[in-house]
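Need the 3D shape of this:
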Amino acid sequence: MICTQITRRSVMRTARTLCFLLCAVSMLCSCASREAPLLSPPLPQRADAFPPHETLRVWAEAPSYPRPAGFGDRLPPVPETWGPLLDRLKADGLDGEDLRLFFTAMGDSYSSKPMGTKITELYTSRYVRKPQQGPRPAIPADRVYPGFVTPGIQALCRAFLDSNELSFTIAEELYHVPREVIVALLMVETKLGTYLGKDSAFWSLACMASADSPERVAEPINSLPGVTNERLAWISEKLTERSTWAYKELKALLEHIRKNNLDPFEMPGSVYGAIGMCQFMPSNLKPYAVDGDKNGVVNLFEPADAIPSVANYLRGHGWKKSMTRDQQHAVIKRYNNSTVYANTILALGESLRAQ
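Numbering: from 1, shown residues only. Here you go, the predicted model:
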């Protein structure tokens with residue numbers, strides 16, 4: 001039985017390698033007569049295999065955003081609430097008609113909610129939570145998120161693997177990250193692209209970058225218990241740190257939008273601005289995001305780009321072809337510094353490999 005399993009796996013690996021080599025030979029031959037993409041697009045997805053995810057809108061040319069009615073050829077004024085942030089971006093050389101229209105389109109929609117959520121979390125952890133009475137219960141070394149290593153989830157992952165066979169094969173060959181690990185990570189992050197966040201990533205980061213003082217986050221701060229002058233000074237320090245971080249991420253997202261002709265208002269994200277099936281923060285886009293189908297656009301809402309991007313990130317943080325399980329665990333924690341997170345991805349990946 002063991003020999004049969006080893007033989008079957010060897011045949012599958014050989015078939016995948018041959019598929020990759022045949023694709024490479026075909027692409028090299030086609031280059032003699034025309035310019036061809038370096039990687040072929042993924043196989044069509046089975047619509048009945050898993051819930052569909054919405055695709056980010058992409059333009060062949062830079063998008064032309066409509067001007068609000070009544071302004072003719074003049075740019076409408078940017079709402080006052082966004083003025084300081086726009087001035088800061090302009091001073092950093094990122095101004096442009098598109099940027100002004102982005103902020104105009106958002107209107108007076110500034111909200112303290114994104115930053116308020118983070119400040120409430122930090123404040124509660126520091127000042128509100130009661131100290132643990134007695135020794136803290138040990139977390140089991142093999143604990144995983146409930147509901148992720150199940151036959152239903154395994155079936156969804158297997159269907160996704162089958163639907164994107166070529167993309168996974170190429171990712172394995174180029175970055176040496178097993179497909180089972182990649183698909184498990186995509187499942188844990190966004191359920192294979194079916195849960196991408198509720199808010200605009202651009203809006204969330206713009207709100208956080210603008211929330212640089214207690215006055216800009218007054219409502220959440222007023223709801224915190226026991227705020228003293230000393231604690232308010234601590235909150236102010238955290239606001240400066242977090243708004244500076246959000247501003248850096250906003251700039252990276254703006255550069256990505258412009259380079260790839262994307263529509264920021266069609267780009268959902270997490271409450272803190274992570275985007276795509278793999279939930280990359282914008283600052284990770286430039287070093288790790290991959291144009292997997294070689295169509296000139298890096299679109300992490302598409303499997304063809306998200307799959308190799310995950311592999312490239314893991315390889316860039318230490319993944320190697322021959323690693324112990326503990327070493328793999330450590331690399332996955334660079335994606336999300338959580339033991340349970342890494343446990344879940346490895347356990348789900350191992351369950352898929354065993355099928």
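
in the chain, what secondary structure element scores lowest on mean pLDDT?
helix 2-30 (a mean of 41; mean pLDDT, DSSP states H and E).

Please, where are all the helices along the stretch 151-300 of the chain?
Along the stretch 151-300 of the chain, counting by DSSP state H, counting those that start in this stretch, helices occupy 151-163, 165-175, 179-190, 201-210, 218-222, 229-260, 285-288.

closest to Ala274 out of these?
helix 201-210 (7.4 Å; CB to CB). All C-beta atoms are positioned from the backbone trio N, CA, C, and that covers glycine.

Could you report the distance from the residue nearest the centre of the chain to Leu186?
Centroid-nearest residue in the chain: Gln279, 1.6 Å away (criterion: CA atoms, centre = their mean). With the distance defined as CB to CB, to the nearest Å, Gln279 ends up 9 Å from Leu186.

How far off centre is stretch 306-317?
Here stretch 306-317 is found 11 Å from its chain centre; the criterion is CA atoms, centre = their mean, to the nearest Å.

let me fix that: stretch 190-202
That offset, for stretch 190-202, works out to 9 Å (CA atoms, centre = their mean).

can you list contacts of that stretch?
With contact meaning CB atoms under 8 Å, 6 or more residues apart in numbering, stretch 190-202 is reached by 50-54, 102, 114, 156-157, 160, 183, 186, 250, 253-254, 257, 264-265, 267-271, 273-279, 282, 301, 303, 306.

From those residues, list just the buried residues.
Burial by neighbour count, 16 or more other CB atoms under 10 Å: within the contacts of stretch 190-202 this picks out 50, 53, 102, 114, 156-157, 160, 183, 186, 250, 253-254, 257, 264, 267-271, 273-279, 282, 301, 303, 306.

quick one: which of those residues sit in strands?
Among those, DSSP state E puts Pro268, Gly269 in strands.

quick one, what contacts the residue nearest to the centre of the chain?
Glu189, Thr190, Ser270.

right, and out of these, which lies closest to Ala91?
Out of those, the member with the shortest distance to Ala91 (by CB to CB) is Ser270, at 28.0 Å.

The residue nearest to the closest one when sequence neighbours are not counted: how many residues sit nearby?
Leaving out its chain neighbours, the residue that sits closest to Ser270 by CB to CB, 6 or more residues apart in numbering is Gly197, at 4.6 Å. Taking other CB atoms under 10 Å as the criterion, the count of residues near Gly197 is 19.

ok, now Lys113?
Other residues close to Lys113 by other CB under 10 Å number 17.

any low-confidence regions in this structure?
1-74, 131-134 (pLDDT under 70).

Can you give the contact residues for stretch 226-246?
115, 118-119, 122-123, 126-128, 205, 208-214, 216-217, 221, 272-273.

Show the buried residues in those.
Buried among those (16+ other CB under 10 Å): 115, 118-119, 123, 205, 208-212, 214, 216-217, 221, 272-273.

for these, which one is nearest Phe148?
Proximity of the buried ones among the contacts of stretch 226-246 to Phe148 was ranked by CB to CB; the top entry is Tyr272 with 22.1 Å.

just checking, the closest one touches Met208?
Yes. Counting by CB atoms under 8 Å, Tyr272 touches Met208, with 7.3 Å between them.
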